[in-house]
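A.B. asks: Got a predicted structure here, sequence first:
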Amino acid sequence: MEEVYRHACEVIPGGVSSPVRAFGSVGGTPVFLSAARGPHVVDINGREYVDLVCSWGPALLGHAHPEVVAAVQEAATRGLSFGAPTTAEVELADLIRGRIPFAEKVRFVSTGTEATMTAIRVARGATGRDVIVKFAGCYHGHSDALLAAAGSGVATAGLPGSAGVTQAAARDTIVVEYNDAEALKAVFAERGSEIACVITEAAPANMGVVPPDPGFNATIRRLTLEHGALMILDEVLTGFRVGPAGWWGNEASLGEAPVTPDLVTYGKVVGGGLPLAALAGPSELMDLLAPVGPVYQAGTLSGNPLATAAGIATLRLAHNAVYAHVDRASRQVQDALAAALDEVGLPHRIQTAGNLFSCFFGEEAATHGVRNYDQAKAADGFRYAPFFHAMLDAGVALPPSVFEAWFLSAAHDDAALNRIAEALPAAARAAASARP
Ligand SMILES: Cc1ncc(COP(=O)(O)O)c(C=O)c1O
Ligand SMILES: NCC(=O)CCC(=O)O
């Protein structure tokens, strides 16, 4: 593995196509994979791991679900890319609309980054305003406007933002502490007439999992409406993963009225493992997009036929029973994790957003929980590296960062869950004996 990695680093910066794949915060050599099936990934030496990354979300059904693979193979026999509209795009848009009633129109792009970037352009086009508001620790992809105080790999690397973002772009982005309704009110009181939109992760999972306080999304909705700004709900991670209608749908089942945003973004699960993402919303806003309206967005591979085939097959297979299984599997792993950490007396807090969860170590997190990015960074993150490597040694692949969520799938069966449970006690001991 070291040799392959060394060569990779000679020809690819850091040896990786995305920084979150590097083992920057956990140390060691990234594992190069050659295959993935069901709950497992297989490395280039043929070693199999139970996978809790699930391609960072898409693999809701497990890796390489036979029916999804068959749909992609069938589509491939008819051509890889047309650069022309297809009925499959219409079918996928209808499937999304069937789950998300306010998604009257859907525009397909290739990445979550493009979906949020375009949603912001629509918000600016709709309001004629420049300023956007995002929350510290939320990650919305890597477009310039959204890299300030971003979660995910930016958080893992401990960066405030990214070099190469112009001062003008940074100036137009206001960052507010997550779950801080008063701070958001203050920003609107001061600059409300300049604000085009507030973008928020429906339930943040890129600073570890930090769910919204009850009513926080509703506060965003109320303030944006009062000030003529748009609310963009980023469900790239949560959409079609935490429930059939994403976090938006789950809030209803949590006993809260779902907060309906102006625009919503999807990615990951909606493309079933191929590059596909979407933005959606009421026709009035979506028709601002070219060719109907003045807001430009395009893409050689937007709505690619292989990706739409994977998305259609995935959404058709993602029945309630799939979500019930993933929820159950997630709870089982959380319980085993808590038991292993309790056994070694390590204070911790497991936080959830539906079936997504992550674990914060330390007394402060255990006692008070983690409600924002500052608190996430203040937790005992140094315990994660030895924990991660103990799990990897035992054949369980976790995300290589304490700031990422753990992902289960419908393919995580008892055998896979047992392997995770068996690996946890040694990992908990490693975490307990870690020193900062
Ligand atoms: C909430 C959220 N939004 C946007 C993105 C960006 O998506 P992509 O990596 O497909 O560009 C991600 C993850 O990467 C995400 O978790
Ligand atoms: N939760 C963060 C991601 O999913 C990002 C994946 C990537 O950029 O490779």
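C.D. replies: Okay, I see it. Ligands and ions are numbered 1, 2, ... in the order given.

A.B. asks: ok, how many other residues are close to the residue in the stretch 151-300 of the chain positioned nearest to ligand 2?
C.D. replies: Residue nearest to ligand 2 within the stretch 151-300 of the chain: S152 (3.8 Å; CB to the nearest ligand atom). C-betas here are computed from N, CA, C, even on glycine. Around S152 there are 25 other residues, counting by other CB atoms under 10 Å.

A.B. asks: Next, the contact list for it, please.
C.D. replies: Counting by CB atoms under 8 Å, 6 or more residues apart in numbering, S152 makes contact with V20, Y139, N206, S401, F403, E404.

A.B. asks: can you narrow those residues to ones near ligand 1?
C.D. replies: Y139, N206 (CB under 6 Å from any ligand atom).

A.B. asks: The contacts of S152 in helices, which ones?
C.D. replies: Judged by DSSP state H, helices contain none of the contacts of S152.

A.B. asks: Report the two of the contacts of S152 separated the most.
C.D. replies: Within the contacts of S152, Y139 and S401 form the most distant pair, 11.4 Å apart (CB to CB).

A.B. asks: list residues touching both of the two?
C.D. replies: Here Y139 and S401 have S152, A155 as joint contacts, going by CB under 8 Å, 6+ apart.

A.B. asks: Which one's more surrounded, the two?
C.D. replies: More crowded of Y139 and S401, by other CB under 10 Å: Y139, with 29 against 26.

A.B. asks: Nearest to G158 among the contacts of S152?
C.D. replies: Nearest to G158 out of the contacts of S152 is F403 (CB to CB; 10.2 Å).

A.B. asks: Just give the number of residues close to that closest one.
C.D. replies: Neighbour count for F403, taken as other CB under 10 Å: 28.

A.B. asks: same check, this time on F32
C.D. replies: For F32, the neighbour count with other CB under 10 Å is 15.

A.B. asks: How about L60?
C.D. replies: Neighbours of L60 under the rule other CB under 10 Å: 29.

A.B. asks: ok, it touching V326?
C.D. replies: Yes - in this structure, L60 is within contact of V326 by CB atoms under 8 Å, at 6.9 Å.

A.B. asks: Check the contact lists of those two and give me the overlap.
C.D. replies: Here L60 and V326 have R241, S409, A410 as joint contacts, going by CB under 8 Å, 6+ apart.

A.B. asks: Where does the residue nearest the centre of the chain sit: helix, strand or coil?
C.D. replies: By CA atoms, centre = their mean, the mean C-alpha position of the chain lies nearest to L237, the distance being 2.9 Å. With DSSP: H, G, I helix; E, B strand; the rest coil as the basis, L237 sits in coil.

A.B. asks: Could you pull up the contacting residues of it?
C.D. replies: Neighbouring residues of L237 by CB under 8 Å, 6+ apart: G57, G112, E201, A205, N206, G267, K268, L356, A405.

A.B. asks: run the last query once more with 6 Å
C.D. replies: Applying CB atoms under 6 Å, 6 or more residues apart in numbering to L237 gives the contacts G57, A205.

A.B. asks: Now do the helices in the stretch 151-300 of the chain.
C.D. replies: Residue ranges of the helices in the stretch 151-300 of the chain, as given by DSSP state H, counting those that start in this stretch, are 153-156, 167-171, 181-191, 216-226, 246-253, 283-286.

A.B. asks: Looking at the ones you listed, which one is packed in the most?
C.D. replies: helix 153-156 (a mean of 23; mean count of other CB atoms under 10 Å).

A.B. asks: Would you agree D262 is in contact with M231?
C.D. replies: Yes - between D262 and M231 there is a contact under CB atoms under 6 Å: 5.3 Å.

A.B. asks: ok, now which ones touch the nearest residue to W247 once chain neighbours are set aside?
C.D. replies: Nearest residue to W247 in three dimensions, chain neighbours excluded: A202, at 3.5 Å (CB to CB, 6 or more residues apart in numbering). Neighbouring residues of A202 by CB under 6 Å, 6+ apart: L233, E235, T238, W247.

A.B. asks: Looking at neighbours, which among the residues you listed is most surrounded?
C.D. replies: That'd be E235 among the contacts of A202, by other CB under 10 Å, with 31 neighbours.

A.B. asks: What separation is there between that one and G354?
C.D. replies: Between E235 and G354 the computed distance is 11 Å (CB to CB, to the nearest Å).

A.B. asks: H412 now?
C.D. replies: For H412, the distance to G354 - CB to CB - is 15 Å.

A.B. asks: So which of those two has more stuff around it?
C.D. replies: Of the pair H412 and G354, H412 is the one with more neighbours under other CB under 10 Å, namely 27 against 24.
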